[in-house]
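A.B. asks: dropping a prediction and its sequence here:
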Amino acid sequence: MTPAEEANFTALVERQSRFAFRVTYAVLLNTHDAEDAVQETFLKLYRHSGWQQADNERAYIARVAWRCAIDRRRASHPVAADPDAALDIPSHHPGPEHTFLSAEHHRRIHAMIDTLPEDLRLPLILSAFDDLNSRLIAGILNIPEGTVRTRLQRARQLLKQKLIALESPPESPRKEAHHA
């Protein structure tokens, strides 16, 4: 690789590493495995310079990262999602109580997303967190665009139901009136 190509690759890693992590984490649900899959992704990209000719760099990287994550998952035993391993999202508001409540809320949402079936979770993450449209997601996942839209709608519906259930106070048992 020439020095110019090395510089272009370094810029690619800096630009797209967080995105690649989100894609791999959506598949693996484990921070350490996702980080390893990101390294594998960029190693593959380094060895094969096809990313330089890609029409859509982000879609190309998402496809490579997704394949690396799938390969890694197949190579190891499936690991259950650990809600305590969810990423902490820093709060911009002062106060330890607010910081705790905000982090707990984000952890719960991430844990809910992690419980979605993979066929619903991955399109949701690519759409919501990475701002990809259904056409690009369809290309990445190699499924019809209509299927992507249906899966996004179903994922959002399931999350909405889970959020409503989480925020609803538990119902108190009804007392039967006794007639004397």
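C.D. replies: Done, it's in.
A.B. asks: need the helices for this protein, in chain order.
C.D. replies: 3-28, 31-47, 57-75, 96-115, 118-128, 134-141, 145-167 (DSSP state H).
A.B. asks: mean pLDDT for those helices: which is lowest?
C.D. replies: The weakest mean pLDDT among the helices of the chain belongs to helix 96-115, with a mean of 70.
A.B. asks: got the contact list for Arg73?
C.D. replies: If you count contacts by CB atoms under 8 Å, 6 or more residues apart in numbering, Arg73 has them with 27-28, 33. The way it works is simple: take the backbone N, C-alpha and C, and place the C-beta from them, glycine included.
A.B. asks: er, Ile137 I mean
C.D. replies: Ile137 neighbours (CB under 8 Å, 6+ apart): 123, 126-127, 148.
A.B. asks: neighbours of Asn8, just the number please.
C.D. replies: 14 (other CB atoms under 10 Å).
A.B. asks: gap between it and Ala65?
C.D. replies: For Asn8, the distance to Ala65 equals 19 Å [CB to CB, to the nearest Å].
A.B. asks: for Arg72, give its distance to Trp66.
C.D. replies: For Arg72, the distance to Trp66 (CB to CB) stands at 11 Å.
A.B. asks: identify the residue spatially nearest to the residue most central in space within the chain, adjacent ones excluded.
C.D. replies: What sits nearest the mean C-alpha location of the chain, by CA atoms, centre = their mean, is Ala26, with 3.6 Å. Closest residue in space to Ala26, ignoring its immediate chain neighbours: Ile125 at 4.2 Å, by CB to CB, 6 or more residues apart in numbering.
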